[in-house]
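> After the sequence you'll find the predicted model.
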Amino acid sequence: MEMTLRWYGSKFDTVTLSQIRQIPGVTGVITTLYDTKPGEVWSRERIRAMKEEVEAAGLHVAGIESVNVHENIKLGLPDRDALIDNYIETLKNLGEEDIHLVCYNFMPVFDWTRTELARMRPDGSTVLAYTQEAVDALVPEEMFASISGDMNGTVMPGWEPDRLEHVKELFELYKDVDSEKLFANLEYFLNRIMPVCDQYDINMAIHPDDPAWPVFGLPRIITCKENILRMVKMVDNPHNGVTFCSGSYGTNLKNDLPDMIRSLKGRIHFAHVRNLKFNTPTDFEEAAHLSSDGSFDMYEIVKALYDIGFDGPIRPDHGRMIWGEVAMPGYGLYDRALGAAYINGLWEAIVKSQKK
Ligand code: DNO
């Protein structure tokens, strides 16, 4: 595996590349062109400039998170072919710039959903949290307003204001899309992009839906072992793979995370490793990465990745806000650096204990 950190680009991130360079064991970043819109072609020039900036800091671009999929592709609207052509062009440009990993999601309307961005924990840190009760009390149009005050002046991925202007219309369009239709639209998209992925050896890594169940009545399909196995088999090409995000699949306590990892051998191209603490099955908060701070056995998760021979980029995920840092919720420097050090420690211990 390669330890990485997500980075949004110098215009958007409070964390700098030189800080990332000093986290022990982190050699790459997972980044994006954060100001592009779904459906747009990413030019080679911009991709190259991004790479050069990262490389000048002594790091490399280990992958992209995300090249977002236009809503009309997920909806299967008539203009999807033109939009997929643009996606293919972007993949080609990434491939020509020697970038071989793309994380994306297929969640309707909203990306990941949290109901609080700064819940206080007993140690005084603040974390992202979710309660189903809070979601049930909201209409979708209020979702953004309900959390925007806690974004610390940042633009959070999946919560870009312009994307959310059209929430009402999107809900109308999704009225006729159930989970079967969404699966079919995903299959169509994947079949069209696989040739360019084969040509440039690009691993596509779908991110799970977070939380891993339908919200606001919208279908969500990348939620559990059965569905993710269906997804990798329906387009049975090794370039059609997954981002294994423990914090997203882990929102559903029925998901056995190490077992899911083992069942996806060969198809996990990217791993997001983080812990959650459940207060009730529908109320969870994001804990420190350390097993004892949350509800997951992080050793078992990392061990399962090791056992299947996972060799892609891994990154600590949402961190707590600690030590007075002001940053994009979940994406500060300090707690993610602690997470990287901890995961590196688990990995080293596993590697060495296997050799004895
Ligand atoms: C949240 C992230 C997601 C993820 C996308 C992938 O922090 O894990 O926004 O990047 O769903 O496309």
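Yep, it's here.
> Just the element for N344, please.
In this assignment (DSSP states H and E), N344 forms part of helix 334-355.
> For that helix, give me every contacting residue.
In this structure, residues lying in contact with helix 334-355 by C-beta atoms under 8 Å, 6 or more residues apart in numbering are 1, 3, 5, 23-26, 125, 273-274, 288-290, 298-299, 302-303, 306, 314-323, 325. From N, CA and C alone the C-beta is placed, and that goes for glycine too.
> Now narrow those residues to whatever sits close to the ligand.
Among the contacts of helix 334-355, no residue lies close to the ligand (C-beta under 6 Å from any ligand atom).
> Quick one: buried ones out of the residues you listed?
1, 3, 5, 23, 26, 125, 273-274, 288-289, 298, 302-303, 306, 314-322, 325 (16 or more other C-beta atoms under 10 Å).
> Just those residues: which are in strands?
Among the buried ones among the contacts of helix 334-355, the residues falling in strands (DSSP state E) are M3, L5, V273, I314, R315, P316.
> Against L186, how distant is V235?
9 Å (C-beta to C-beta, to the nearest Å).
> Over to D210?
17 Å.
> what does D13 give?
D13 is 30 Å from L186, by C-beta to C-beta.
> Same question for K277.
K277 is 32 Å from L186, where distance means C-beta to C-beta.
> got a list of contacts for the helix or strand hosting E52?
Applying DSSP H and E as the criterion places E52 in helix 44-56. Outside of helix 44-56, the residues within contact range by C-beta under 8 Å, 6+ apart are 7, 9-10, 17, 29, 31, 33, 60-61, 93-94, 96-97, 99.
> does the helix or strand that that helix is followed by come close to the ligand?
Downstream of helix 44-56, the next assigned helix or strand under DSSP H and E is strand 60-65. Yes. On the criterion C-beta under 6 Å from any ligand atom, strand 60-65 is in touch with the ligand at E65.
> What helices and strands are in contact with strand 60-65?
The contact analysis (3 or more C-beta pairs under 8 Å, 6 or more residues apart in numbering; DSSP states H and E) places strand 60-65 against strand 2-6, strand 28-31, helix 44-56, strand 101-105.
> List of residues touching it?
Contacts of strand 60-65 (C-beta under 8 Å, 6+ apart): 2, 4, 6, 27-32, 50-51, 54-55, 94, 99-103, 205, 207, 243, 270, 312-313.
> Please name the bridge partners of the closest residue to the ligand within the stretch 201-350 of the chain.
Residue nearest to the ligand within the stretch 201-350 of the chain: H207 (3.6 Å; C-beta to the nearest ligand atom). As for beta bridges, H207 partners with N105 under DSSP bridges.
> ok, it to E45 distance?
Computed as C-beta to C-beta, the H207 to E45 distance reads 27 Å.
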